[in-house]
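Peer 1: structure for the following, please:
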Amino acid sequence: MADVSSFLARPIAHRGFHDASEGRIENTPSAVSAAVDHNFAIEVDVQETADGEALVFHDYTLDRLAQGSGSVIQMTSADLVRIPMKTGTDNLWLLQDLFDLVDAKVPLVIEIKSRLRPGAQADFVRRVVDQVAAYRGPACIKSFDPDMLSVARAHNPDVIRGIVADATRPEEEYIRFTRMERFILRHMLHIPRTRPHFISYGIRDLPSIAPRIWRSVFGLPVMTWTVRTEDQRHRAALFADQIVFEGFNPDA
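Peer 2: Okay, here's the model as predicted:
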């Protein structure tokens with residue numbers, strides 16, 4: 001089993017240590033720099049661009065946070081990095097820019113956002129895996145999409161990978177899934193195929209039988225997201241090995 005202890009040693013700042021009131025928008029250099037300054041591990045999201053690069057950005061479209069509109073995947077990386085955020089001083093940026101900024105100072109957890117397409121955006125996943133493998137610091141990947149993990153495992157099984165899961169309520173992206181498909185995702189029954197090194201499970205669905213079994217019987221550590229309250233933090237301490245947090249300073 002791969003050693004994931006470095007990713008669990010410190011609280012993990014969700015999309016960086018962001019605070020919009022101070023101009024630090026999620027997934028931006030400012031938010032990441034603040035997390036580094038506090039010695040927090042960092043979780044970021046990456047989206048595929050039209051030319052197959054990894055944009056450090058959560059949403060599928062630009063409209064909510066950036067001074068632009070439309071789908072990320074329809075724009076090239078060169079065009080995207082020229083777009084500023086709606087607030088603060090940051091522009092959009094790429095995964096390699098993130099690596100250059102963090103420079104191995106803290107661990108990185110990189111969530112690959114899936115468009116849930118046939119083929120699992122395989123070329124994009126392999127590109128991200130190659131970048132993570134080449135990075136000299138601690139970095140791992142995770143995804144809600146089991147097929148993405150299968151691609152990653154086949155391409156480079158040594159890159160640490162995690163599965164993201166929750167109760168798979170029939171809402172948002174899960175609306176398109178059947179009840180059986182949601183059952184498989186909720187209980188992570190794909191694990192014999194995907195072989196993740198850790199589980200990232202939603203805090204609002206803990207305790208839950210599936211992460212408890214995979215954690216206790218099979219030794220898969222659990223990080224839980226997104227912890228925003230003291231009640232959630234206390235519950236996380238009972239059922240998970242580390243928190244992905246936002247909205248407060250866990251060291252305070």
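Peer 1: please work out the average pLDDT along the longest strand seen in the chain.
Peer 2: Assignment by DSSP state E gives strand 41-48 as the longest strand of the chain. Averaged across strand 41-48, the pLDDT comes to 98.
Peer 1: low pLDDT regions in the chain?
Peer 2: Regions of the chain meeting the criterion pLDDT under 70 cover residues 1.
Peer 1: report the longest helix in it, please.
Peer 2: Identified as the longest helix of the chain according to DSSP state H is helix 122-134.
Peer 1: strands paired with the following helix or strand past it, and their directions?
Peer 2: Later in the chain than helix 122-134, the nearest helix or strand by DSSP states H and E is strand 139-143. In the sheet containing strand 139-143, its partner strands are strand 108-112 (parallel), strand 161-165 (parallel), by DSSP bridges.
Peer 1: what angle separates strand 139-143 from helix 122-134?
Peer 2: Orientation of strand 139-143 against helix 122-134 (axes from the mean of the first three to the mean of the last three Cα atoms, to 10 degrees) gives an angle of 160 degrees.
Peer 1: how about the helices in the stretch 151-252 of the chain?
Peer 2: If you assign secondary structure with DSSP state H, counting those that start in this stretch, the helices in the stretch 151-252 of the chain sit at 179-187, 191-194, 209-216, 230-239.
Peer 1: please identify the deepest-packed of these.
Peer 2: Between those, helix 209-216 has the highest mean count of neighbours, a mean of 16, where neighbours are mean count of other Cβ atoms under 10 Å. For the C-beta atoms, the positions are set from N, CA and C on the backbone; glycine is no exception.
Peer 1: what helices and strands are in contact with that one?
Peer 2: Helices and strands touching helix 209-216, by 3 or more Cβ pairs under 8 Å, 6 or more residues apart in numbering; DSSP states H and E, are helix 179-187, strand 198-202, strand 222-227.
Peer 1: so what touches the first one?
Peer 2: What that stands for is helix 179-187. Helix 179-187 is touched from outside by 144, 146, 165-168, 170, 174, 177, 189-190, 208-210, with contacts defined as Cβ atoms under 8 Å, 6 or more residues apart in numbering.
Peer 1: before we move on, what about the last one?
Peer 2: Contacts with strand 222-227, where a contact means Cβ under 8 Å, 6+ apart, come from 7-8, 12, 14, 43, 109, 162, 164, 198-203, 206, 211, 214-215, 233, 236, 239-246.
Peer 1: next, the contact list for the nearest residue to residue 193 once chain neighbours are set aside, please.
Peer 2: For residue 193, ignoring the flanking residues on the chain, the nearest one in space by Cβ to Cβ, 6 or more residues apart in numbering is residue 150 at 6.1 Å. Contacts were defined as Cβ under 8 Å, 6+ apart; by that measure residue 150 touches 120, 193, 194.
Peer 1: partner strands of the longest strand of the chain, with direction?
Peer 2: Strand partners for strand 41-48, identified by DSSP bridges, are recorded as strand 12-14 (parallel), strand 54-56 (antiparallel), strand 108-112 (parallel).
Peer 1: most tightly surrounded among the ones you listed?
Peer 2: Across the strands paired with strand 41-48, averaging neighbours per residue (mean count of other Cβ under 10 Å) puts strand 12-14 on top, at a mean of 28.
Peer 1: among the contacts of helix 179-187, which ones are buried?
Peer 2: 144, 146, 165, 166, 168, 174, 190, 208, 210 (16 or more other Cβ atoms under 10 Å).
Peer 1: ok, back up a step: got CSV for the helices and strands packed on helix 209-216, with distance to residue 36 too?
Peer 2: As requested, the helices and strands packed on helix 209-216 are exported to CSV (distance: least, Cβ to Cβ, whole Å):
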stretch, distance to residue 36
helix 179-187, 33
strand 198-202, 21
strand 222-227, 19
